[in-house]
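Participant: Please work out how this folds:
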Amino acid sequence: MGKTLFKNGLLVDGNGGEPKLDQVVVTQDQKILYVGPEDSYEATGEENVVDAQGGTILPGFIDTHVHMMMEYTPLSERLTKPFSYMYFEAQKYLENTLNAGVTSVRDALGTDLGVKKAIEEGLIKGPRMQLSINALTITGGHGDGTQLNGDVLDLLPSGHRGMPDGRCDGVAEVRKKTREMLRAGAEVIKVHATGGVLSPTDHPEFTQFSLEELKAIVEEGRFRKGVKVMAHAQGSEGIKNAVRAGIHSIEHGIFIDDEAIELMLENGTYLVPTLLAPVSVLETADEKGMPQSAVEKSKEVIEQHRASFTKAYQAGVKIAMGTDAGVMKHGTNLRELGLMVDAGMTPMDAIVATTKTASECLGWSDQVGTLEEGKLADVVITKGKPLDDIYSLANNDEIQYVLKGGQVQKNLLSTKQELTHH
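Facilitator: This is a model prediction of the structure:
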């Protein structure tokens, strides 16, 4: 792959400091070789030069809550879709995610180890992945697709090779189920600590799992060299149970209260807000055949969700960007940044949430999240200046160039060989 020199753009390195002009980023093979003033870098003449054309040079974006194996579709489509077809659909979802500038994701259930391996070995294109395999849920809770008539209509198939069923009740069962997820390749454990919007027989404020059950899940992860736990947690009691149990990140956090915020600050717990999720449910309800129960619950929680985010942000809770992509179309991930800014976050903090803080949430801050020497060569170039117009990032045409681990994934810019020495 050799050396590539990125120049002629505003540098936003992901650390949250002032953007800089007259800087270059130099990559060699899979790593970043140099970040700094252009006049301090001694070119060899062998660099492949990428001219940012006055745009912005950023780290690859990170979405810490996606479902790469699905996009919500009407029930009639799900019932007539052959099992293996979802893997071919996922190839498109993965590519759409890269085209949005998202080079790393944490999959919050549904993707098995084979998909990650196919990306790593170059069989298909996709973002770098951290897998949860499947989520742990209680009988009758969020994630149990059993309908009121007794039919089971899960959003994604489970119970097949590589995808253990996630239903479990009681300390002994949750321990065993956690071990099954780890055996299947889970790098983070996902648990549903409350009900949710899309589930048919519960409500977002319903609490799932006891504190003892949640602690057992956390303990099993810790036994495996510190595998963290992420909790779908929307009701305040479930959020507080999750934080008290030592869970690493709260997903959604719709009904966060002051006590929950204090606990999160004390424990260093991350919030992954997914503001886009209920917004998308309402936007696509007719097109996607969303259940009426999900539409009603989204209407009920959307303002509370935003208010909870604002309160947590103002209090200093660590916020990592996540979208719940799969509930909405993959590739629309960066709409989340505009929603966070609408709810009071500064544009720079929104960028940091999807770069530096997101990498810390994944435990990958030594590899990705910022443009720094020695890290993986994940580089995004945007056409304009997202700090002036954060909403522009929702348009994938704004993303001109995407580099992941030194491999070009998208290029709408011209490149040329640098022949002169500095």
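Participant: looking at the chain, which helix or strand is least sure?
Facilitator: Ranking every helix and strand in the chain by mean pLDDT, DSSP states H and E puts strand 415-417 at the bottom, with a mean of 48.
Participant: ok now whichever strand or helix holds Glu77, how far from the chain's centre?
Facilitator: Under the criterion of DSSP states H and E, Glu77 resides in helix 75-79. Taking the mean of its C-alpha atoms, helix 75-79 sits 26 Å from the chain's own mean (Cα atoms, centre = their mean, to the nearest Å).
Participant: outside of that helix, which residues touch it?
Facilitator: With contact meaning Cβ atoms under 8 Å, 6 or more residues apart in numbering, helix 75-79 is reached by Leu153, Leu155, Gly289. Using the backbone N, CA and C atoms, a C-beta is placed for each residue, glycine as well.
Participant: Try it again at 10 Å.
Facilitator: The contact list for helix 75-79, computed with Cβ atoms under 10 Å, 6 or more residues apart in numbering, reads Met70, Tyr72, Met86, Leu153, Asp154, Leu155, Leu156, Pro157, Lys288, Gly289, Pro291.
Participant: any idea how far Gly143 is from the last one?
Facilitator: Going from Pro291 to Gly143 by Cβ to Cβ, to the nearest Å gives 15 Å.
Participant: Who has more neighbours out of the two?
Facilitator: When neighbours are counted by other Cβ atoms under 10 Å, Pro291 and Gly143 differ, and Gly143 comes out ahead with 28 against 17.
Participant: what residues are up against the nearest residue to that one once chain neighbours are set aside?
Facilitator: In space, and not counting its chain neighbours, Gly143 is closest to Thr137: 3.3 Å by Cβ to Cβ, 6 or more residues apart in numbering. Thr137 sits next to 109, 143-145, 165-169, 177, 190-193, 195-196, 199, 202, 208-209, 232 when contact means Cβ under 10 Å, 6+ apart.
Participant: quick revisit: for the next helix or strand after the helix holding Glu77, list every residue counted as buried.
Facilitator: Counting by DSSP H and E, the element after helix 75-79 in chain order, helix or strand, is helix 85-99. Neighbour counts over helix 85-99 (16 or more other Cβ atoms under 10 Å) mark Met86, Glu89, Ala90, Gln91, Tyr93, Leu94, Glu95, Asn96, Thr97, Leu98, Asn99 as buried.
Participant: Please list all residues in contact with the second one.
Facilitator: Taking Cβ under 10 Å, 6+ apart, we find Glu89 in contact with Met68, Met69, Met70, Glu71, Thr73, Lys81, His330.
Participant: Can you tell me which of these is nearest Gly126?
Facilitator: Lowest distance from Gly126 to the contacts of Glu89 (Cβ to Cβ) belongs to Met68, with 7.4 Å.
Participant: Show me how the record splits this structure into domains.
Facilitator: With domains defined by automatic domain parsing, the chain comprises 3-60+370-417, 61-362.
Participant: if you compare those domains, which one is most tucked away?
Facilitator: Ranked by average neighbour count under the criterion mean count of other Cβ atoms under 10 Å, the domains of the chain are headed by domain 61-362 at a mean of 21.
Participant: same question for that domain, mean pLDDT?
Facilitator: Domain 61-362 shows a mean pLDDT of 93.
Participant: Test my guess that Ser236 contacts Thr207.
Facilitator: Yes. Here Ser236 reaches Thr207: they are 9.2 Å apart, a contact under Cβ atoms under 10 Å.
Participant: In which helix or strand does Thr323 reside?
Facilitator: Going by DSSP H and E, Thr323 is not in any helix or strand.
Participant: Would you mind measuring from it to Asn333?
Facilitator: In terms of Cβ to Cβ, Thr323 sits 5 Å off from Asn333.
Participant: Residues that sit against both of these two, list them.
Facilitator: In contact with both Thr323 and Asn333: Asp63, His65, Val66, Val102, Val105, Leu276, Thr354, using Cβ under 10 Å, 6+ apart.
Participant: Tell me the one of these nearest Gln409?
Facilitator: Val102 (10.2 Å).
Participant: wait, what's in contact with the closest one?
Facilitator: 60-63, 66, 94, 96, 126-128, 321, 323, 325, 330-331, 333-334, 354, 358, 378, 380, 399, 402, 404.
Participant: Can you name the residues bridging to it?
Facilitator: Following DSSP bridges, Val102 is listed with bridge partners Phe61.
Participant: Now do the same contact list for the nearest residue in space to Val301 that is not next to it in sequence.
Facilitator: Of all residues beyond its chain neighbours, the one nearest Val301 is Ile254 (5.0 Å), with distances taken as Cβ to Cβ, 6+ apart. By Cβ under 10 Å, 6+ apart, Ile254 lies in contact with 194, 196-197, 204-205, 233-236, 239, 273-275, 277-278, 297, 300-302, 304-309.
Participant: Check the secondary structure at the closest residue in space to Gly145 that isn't next to it in sequence for me.
Facilitator: Once flanking residues are discounted, Gly145 sits nearest to Asp154: 3.5 Å by Cβ to Cβ, 6+ apart. Here Asp154 is recorded as coil under DSSP: H, G, I helix; E, B strand; the rest coil.
Participant: so how far is His142 from Asp154?
Facilitator: Using Cβ to Cβ, Asp154 is found at 12 Å from His142.
Participant: Then Gly406?
Facilitator: 39 Å.
Participant: from what I can see Ala90 touches Lys116, true?
Facilitator: No. Contact criterion Cβ under 10 Å: Ala90 and Lys116 do not qualify, at 11.3 Å.
Participant: Next, show the common contact partners of these two.
Facilitator: Taking Cβ under 10 Å, 6+ apart as the contact rule, Ala90 and Lys116 both touch Met68, Gly126.
Participant: Check which helix or strand the spatially closest residue to Lys329 that is not a sequence neighbour maps to.
Facilitator: Nearest residue to Lys329 in three dimensions, chain neighbours excluded: Glu71, at 6.0 Å (Cβ to Cβ, 6+ apart). Here Glu71, judged by DSSP H and E, is contained in no helix and no strand.
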